[in-house]
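Student: give the three-dimensional model of this entry:
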Amino acid sequence: MALFKRPRPAAAPPPQPAAAPPKGPPVDPLAGDAVAHRFRAELAEGRWQEFHDFLEATRDWTSRDFYLSKLADITGRPAWLEEWAAAQPRSSLPWLFRGHHGVHWAWQARGSGRATTVTQDAWPVFYARLVDADRDLARAASMDDEDPTPHARGIQVASGWTSGRRRSASASARPPGDSAGTAART
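Tutor: Predicted coordinates for the structure are as follows:
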């Protein structure tokens, strides 16, 4: 009988799953390098002059490649790149930075997904930006034949094309201690 039944307590809501823990510690794309952080802030304001002087004084190719590759990863094409190239016509550095940036910029247009996920209108932009990056890297290489970094970054350009053999051979001809070339070849 209903008169003698005790009321049941309201059912407790089911336990909510705990938020997924982060998949590891936060990663600083600049590897905690205080100098890189300072230059990133300056470049964001269009101040490239001190960065140019810093790169000019850096003849350790691995260090130079670190700063170029990390700081060239900028969304969009900053207007100050043209100013830098015009202000330093005898320096390879603006062209080297433009080449590094051009590779990043091309991949921004394409996206990082599989080729089947890339929209048809993204392909021409991707290839055009790679052509520009290749041209900038070739110009940088012609202006400073001691610097292996334009050759190593050229392999990244080739990874977007089918003509990687020419670039790989060029990077393989670089000195054995060239870690940027080694990294690009692997």
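Student: please count neighbours and contacts with C-alpha atoms only from this point.
Tutor: OK.
Student: what kind of secondary structure is the residue minimising distance to the centre of the chain in?
Tutor: Central residue of the chain (Cα atoms, centre = their mean): residue 73, 4.1 Å from the mean position. Taking DSSP: H, G, I helix; E, B strand; the rest coil as the rule, one finds residue 73 in the coil state.
Student: same deal with the one 5 residues further on?
Tutor: Reducing the assignment to helix, strand or coil with three-state DSSP, the entry for residue 78 is coil.
Student: how near is it to residue 139?
Tutor: Applying Cα to Cα, to the nearest Å, the value for residue 78 to residue 139 is 19 Å.
Student: go on, residue 84?
Tutor: From residue 84 to residue 139 the distance is 15 Å (Cα to Cα).
Student: now the helices for this structure?
Tutor: Ranges of helices in the chain, per DSSP state H, are 34-44, 49-57, 61-71, 80-87, 93-110, 122-143, 149-159, 164-172, 179-185.
Student: what's the angle between the second one and helix 61-71?
Tutor: In terms of direction (axes from the mean of the first three to the mean of the last three Cα atoms, to 10 degrees), helix 49-57 departs from helix 61-71 by 150 degrees.
Student: that'll do, ta.
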